[in-house]
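Student: for reference, the sequence and a predicted model appear below.
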Amino acid sequence: MDTDTRSKQQQSWGKLEHYRSEENVENALGDADMDFLDVITFVLDRGTNSDFTMFFLITWGLCFRCNKMQMEKNLIQPSQVINHALSLHKSFNDLRSSSTQIAKRMCYWEPPPRGFLKLNVDGAMFLNLRKAGVGVVVRDNKGKLVMAASKMGNEVDDPTTIELMALLRGLQLCVHLGFSKIVVESDCMLMVQELKDDQDSFSTNVNLIKEAKSLLQHFQEVEIQHVHCMGNEVAHRLACYSWNVDNISMW
């Protein structure tokens, strides 16, 4: 955990301790008679908009923790829930504070640094066929095509799942071809955040995320970044082209 995250966590716990020590907190909470809407009102009255956002992130994390414990007998520590909520909150704020110049730059594909290859991946869902496809493209620092692939697969329920499957196929091909330095780009922000997060994943795709992180260890150097869908156009078209593919086509 970095210093900034640790400081925010301490501040959050400090606020909780402050609320707990107030003389009239029992009256404010209404003991066990307080319902969820009352709790929301309490947070709105006592805190800022940022506190309100954090409240919902932590609430979601605790619900997820409860489901994990009941359905999978997997106990997640409360501190992990807090850390994950802080991480999501920080990522959201960082995204909002990004400059217009950076946002515009992310709308276009940019070549990787010298000595690196860039892997772009994307997924597409064909509901009428009950199928899903992935597109993968690798280019060098001059924009020259190194490898491209379209692959058809079985239907999935979650769009993030097909994005992860596209990433896995791309990483597997890069490992097989012996690439050592790559930049990975996707237009799926949730997936990029999960891959960058050092904490255990709270996602339903936890196994796919673990497999992707394991594959990333095979490279000498690797960078992961988000790109606007306009900057991921080639991978998107390859994913859509998989409609015409029985299994996999490579170029």
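Tutor: Received the coordinates, thanks.
Student: remind me, longest helix of the chain?
Tutor: Longest among the helix segments of the chain by residue count, using DSSP state H, is helix 49-72.
Student: can you dump the C-alpha atoms of that helix in PDB for me?
Tutor: Backbone C-alpha positions of helix 49-72 (Å, rounded to 0.1, in the frame of the first residue of the first chain) are rendered in PDB as follows:
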ATOM      1  CA  ASN A  49     -19.800  13.900  -1.500                       C
ATOM      2  CA  SER A  50     -16.500  12.000  -1.400                       C
ATOM      3  CA  ASP A  51     -17.400  10.400   1.900                       C
ATOM      4  CA  PHE A  52     -20.800   9.400   0.300                       C
ATOM      5  CA  THR A  53     -19.000   7.800  -2.600                       C
ATOM      6  CA  MET A  54     -16.600   5.900  -0.300                       C
ATOM      7  CA  PHE A  55     -19.600   4.700   1.800                       C
ATOM      8  CA  PHE A  56     -21.200   3.000  -1.200                       C
ATOM      9  CA  LEU A  57     -17.900   1.500  -2.300                       C
ATOM     10  CA  ILE A  58     -17.300   0.000   1.100                       C
ATOM     11  CA  THR A  59     -20.900  -1.100   1.400                       C
ATOM     12  CA  TRP A  60     -20.600  -3.000  -2.000                       C
ATOM     13  CA  GLY A  61     -17.300  -4.500  -0.800                       C
ATOM     14  CA  LEU A  62     -18.800  -5.800   2.400                       C
ATOM     15  CA  CYS A  63     -21.800  -7.300   0.500                       C
ATOM     16  CA  PHE A  64     -19.300  -9.000  -1.800                       C
ATOM     17  CA  ARG A  65     -17.300 -10.200   1.200                       C
ATOM     18  CA  CYS A  66     -20.500 -11.700   2.700                       C
ATOM     19  CA  ASN A  67     -21.400 -13.500  -0.500                       C
ATOM     20  CA  LYS A  68     -17.900 -14.900  -0.800                       C
ATOM     21  CA  MET A  69     -18.100 -16.200   2.700                       C
ATOM     22  CA  GLN A  70     -21.500 -17.800   2.300                       C
ATOM     23  CA  MET A  71     -21.200 -19.200  -1.300                       C
ATOM     24  CA  GLU A  72     -17.500 -20.100  -1.500                       C
END
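Student: going forward, count from 259.
Tutor: Will do, 259 is the new start, and the previous item becomes helix 307-330.
Student: can you give me the buried ones in that helix?
Tutor: Going by neighbour count (16 or more other Cβ atoms under 10 Å), the buried part of helix 307-330 is 311, 312, 313, 315, 316, 317, 319, 322, 323. (C-beta placed from N, C-alpha, C; glycine too.)
Student: report the mean confidence score over it.
Tutor: For helix 307-330, the mean pLDDT works out to 75.
Student: picking that back up, pull the most distant pair out of the buried residues of helix 307-330.
Tutor: 311 and 323 (18.9 Å; Cβ to Cβ).
Student: state the helix or strand in which residue 467 lies.
Tutor: Assessed by DSSP states H and E, residue 467 sits inside helix 464-474.
Student: could I get the average pLDDT for stretch 425-437?
Tutor: Taken as a whole, stretch 425-437 carries a mean pLDDT of 97.
Student: what of stretch 495-506?
Tutor: In this model, stretch 495-506 carries a mean pLDDT of 91.
Student: show me where the stretch 409-509 of the chain has its helices.
Tutor: 417-434, 447-454, 464-474, 491-499 (DSSP state H, counting those that start in this stretch).
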